[in-house]
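*Asks:* based on what follows, work out the 3D shape:
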Amino acid sequence: MLTDRIRVLRWLFPLFFFQTYLGLSVVLFFFGPWPWPVQKPEALLVFLLASQLCFLLGYLAAAFAPSPGNVVLDVTKVRRYFDLCLLASLSLAVPTSLARTGNALPDILFGISDPGQAYLDNYYRLLDGNAFVWAEYLRILLAVPITSTFPLLVYLWGSLGWGRRLLGAGAVIFHMCIYMATGTNKGIADVVITLPLLLVLASWAGGIRLQVFRPRYLLLFVLAFAMFLGFFSAGQVGRVGGVGQSGVLPAGQVMVQTDRRNGEYAALLSPPLMVTYESLTRYMGQGYYAFAASMDLDTPSTYGFGNSMFLNRNMDALLGTHYFTENSLPNVLEQRKGWSMMMLWHSLYTWLVSDFGLGGTLFLMGCFGFLLSLGWRRCLDRQGVIWLTMAYMMLILFYYTPANNQLFQIGETTSAFAMALVWLILSGERLFYRRGD
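*Replies:* Numbers count the residues shown, from 1 in each chain. Reported below is the predicted structural model:
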């Protein structure tokens, strides 16, 4: 039997991890290679620290949530649900590739050899229209099972037969190849950054027999991350504008240049590693800079539809207006200070403030921390499958917090979050488990 102390530490693991991660992002913003010209750094720092405090309080508040009692997963029902996830993911694999790459099978060789050009070619292809956009709408309707496929594959690995394992791995790899073929990082990054945490969760919950903290497994994680960084770095070198190579970023009304000449890191790192380091810190830092630049802007309310491009575009299309897109804070920032809404990054905070203000955004960070905490705890105790999907989405949200509102930026994950949340509320958490003996 596990001691109470070990149970508590396992429950708190994501809190320790993301507090460290977000704290590091703040340090890199203020002391990294990019000298961001923030007008009021003290106000920005206070908000960022307050956000982490709200995350902490929300996470700990889940300790007081009622437990469903002595329940265990019903493995038979869970496998049936996983079969539904596989069916949804595999049946839409080729249509998704057609919609996102223009080819039935993604051209990963071109994407790997010249990711910058692959990204540019696909961007211009989509400007001419997308005959297979219907696949994206189907993915929105099936968002929960599609989003559940990868975390369920990892979580249930030990109880799945090899047929389900191979089909699940094939679905995940095909999805990653679509992103590789277009020279983009998101699909690969989502897997690379969440897989270690999902393996930890599955190991502690008894879903797999794997001691993930053994040196050989940690080495595999490091190698996988190094391979991703290689692909990421190649893409940054090839991107239009040469930001990765030059170390100069057009930041609206100013130009920001890395401290490449005077920074000690330039002497310690090889040119490819230097580009990778600068690019990663640019991704993590520019969102904070955009938020700092927007803190003094007054904008009208967007009534809950300004915090993502998916929501504001569809609401504008529904009502025949441009109100929600034009008045979202990132767009106002572009109009007044030149920071592009489409070409540059905005942190999660910038998007949320469009609808909820500074205080409301801090409250939501506590709510997100609560969902991550409760989902992680339910999964550790094997007390809910949809909670696994929710926890997985919260992992993605907190990973991308410095850079973007990644979870709510596209229809698929926005719908997955909304439907999963409603599902959990209406079901009273009685999903795919049975009373224990």
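*Asks:* and the next element down the chain from the host helix or strand of residue 377?
*Replies:* Residue 377 is part of helix 348-380 when elements are defined by DSSP states H and E. Per DSSP H and E, the first helix or strand lying C-terminal to helix 348-380 is helix 386-399.
*Asks:* buried residues in whichever helix or strand comes after that next one?
*Replies:* Going down the chain from helix 386-399, the next helix or strand is helix 411-427, by DSSP H and E. Applying a neighbour-count criterion of 16 or more other Cβ atoms under 10 Å, the buried positions in helix 411-427 are 411-417, 419-420, 424. Using the backbone N, CA and C atoms, a C-beta is placed for each residue, glycine as well.
*Asks:* now helix 411-427: mean pLDDT?
*Replies:* Predicted confidence along helix 411-427 averages 91 (mean pLDDT).
*Asks:* mind checking how far that helix is from the chain centre?
*Replies:* 16 Å (Cα atoms, centre = their mean, to the nearest Å).
*Asks:* before we move on, what about stretch 22-39?
*Replies:* 21 Å.
*Asks:* repeat that for stretch 270-288.
*Replies:* The chain centroid and the centroid of stretch 270-288 are separated by 18 Å, computed with Cα atoms, centre = their mean.
*Asks:* related to what we said a few turns ago, quick one: the buried residues of helix 411-427 as a markdown table, columns for distance to residue 192 too.
*Replies:* Formatted as a markdown table, the buried residues of helix 411-427 follow (distance: Cβ to Cβ, whole Å):
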| residue | distance to residue 192 |
| --- | --- |
| 411 | 24 |
| 412 | 19 |
| 413 | 17 |
| 414 | 23 |
| 415 | 24 |
| 416 | 20 |
| 417 | 21 |
| 419 | 26 |
| 420 | 23 |
| 424 | 27 |
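*Asks:* which one of these sits closest to residue 345?
*Replies:* Sorting the buried residues of helix 411-427 by how near they are to residue 345, with Cβ to Cβ, puts residue 413 at the top with 17.2 Å.
*Asks:* was I right about the closest one contacting residue 394?
*Replies:* No - taking Cβ atoms under 8 Å as the contact criterion, residue 413 and residue 394 are not neighbours in contact, 11.4 Å apart.
*Asks:* now do the contacts for the nearest residue to residue 390 once chain neighbours are set aside.
*Replies:* Across the structure, with Cβ to Cβ, 6 or more residues apart in numbering as the measure, the residue nearest residue 390 apart from its sequence neighbours is residue 375 (4.5 Å). Counting by Cβ atoms under 8 Å, 6 or more residues apart in numbering, residue 375 touches 387-388, 390-391, 394.
*Asks:* just give me the closest of those to residue 322.
*Replies:* When these are compared for distance to residue 322 (Cβ to Cβ), residue 394 wins out at 32.1 Å.
*Asks:* so that closest one touches residue 372, yeah?
*Replies:* Yes - under the criterion of Cβ under 8 Å, residue 394 makes contact with residue 372 at 3.8 Å.
*Asks:* now the strands: where do they sit in this structure?
*Replies:* 71-73, 248-251, 254-257, 433-435 (DSSP state E).
*Asks:* since we're on residue 58, how many residues are nearby?
*Replies:* Number of residues near residue 58 (other Cβ atoms under 10 Å) recorded here: 23.
*Asks:* report pLDDT for it.
*Replies:* We note a pLDDT of 97 for residue 58 in this prediction.
*Asks:* thinking again about what came up before, between the contacts of residue 375, which sits nearest residue 294?
*Replies:* For the contacts of residue 375, the nearest to residue 294 is residue 394 (24.5 Å; Cβ to Cβ).
*Asks:* residues of stretch 121-130 that come out buried?
*Replies:* Of the residues in stretch 121-130, those scored as buried under the neighbour-count criterion (16+ other Cβ under 10 Å) are 121-122.
*Asks:* ok, now stretch 93-107?
*Replies:* By neighbour count with 16+ other Cβ under 10 Å, stretch 93-107 contains the buried residues 93-102, 106-107.
*Asks:* can you lay out the residues you listed as CSV showing pLDDT and distance to residue 61?
*Replies:* CSV is the format used below for the buried residues of stretch 93-107 (pLDDT from 0 to 100; distance: Cβ to Cβ, whole Å):
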residue, pLDDT, distance to residue 61
93, 96, 40
94, 95, 44
95, 95, 42
96, 95, 38
97, 94, 42
98, 94, 45
99, 92, 40
100, 91, 39
101, 91, 43
102, 90, 47
106, 91, 43
107, 89, 48
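*Asks:* could you dump these into a markdown table and include distance to residue 183?
*Replies:* Below are the buried residues of stretch 93-107 laid out as a markdown table (distance: Cβ to Cβ, whole Å):
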| residue | distance to residue 183 |
| --- | --- |
| 93 | 20 |
| 94 | 20 |
| 95 | 21 |
| 96 | 17 |
| 97 | 15 |
| 98 | 18 |
| 99 | 16 |
| 100 | 12 |
| 101 | 10 |
| 102 | 13 |
| 106 | 11 |
| 107 | 11 |
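*Asks:* once you drop chain neighbours, what's closest to residue 138?
*Replies:* Leaving aside its sequence neighbours, residue 138 is closest to residue 92 (6.0 Å, by Cβ to Cβ, 6+ apart).
*Asks:* with residue 378 instead?
*Replies:* Once flanking residues are discounted, residue 378 sits nearest to residue 387: 4.0 Å by Cβ to Cβ, 6+ apart.
*Asks:* hang on, the one you found packs against residue 427?
*Replies:* No - assessed by Cβ under 8 Å, residue 387 is found out of contact with residue 427, at 10.7 Å.
*Asks:* for the residue nearest to residue 378, give its distance to residue 374.
*Replies:* Computed as Cβ to Cβ, to the nearest Å, the residue 387 to residue 374 distance reads 7 Å.
*Asks:* and stretch 4-19, what's buried?
*Replies:* Along stretch 4-19, the positions that meet the burial threshold by neighbour count (16+ other Cβ under 10 Å) are 10-15, 17-19.
*Asks:* again with stretch 161-175
*Replies:* Burial within stretch 161-175, assessed by neighbour count using 16+ other Cβ under 10 Å, is assigned to 164, 167-168, 171-172, 174-175.
*Asks:* now these as JSON lines including pLDDT and distance to residue 361?
*Replies:* JSON lines is the format used below for these (pLDDT from 0 to 100; distance: Cβ to Cβ, whole Å):
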{"residue": "164", "pLDDT": "95", "distance to residue 361": "41"}
{"residue": "167", "pLDDT": "96", "distance to residue 361": "40"}
{"residue": "168", "pLDDT": "96", "distance to residue 361": "36"}
{"residue": "171", "pLDDT": "96", "distance to residue 361": "35"}
{"residue": "172", "pLDDT": "95", "distance to residue 361": "32"}
{"residue": "174", "pLDDT": "95", "distance to residue 361": "36"}
{"residue": "175", "pLDDT": "94", "distance to residue 361": "31"}
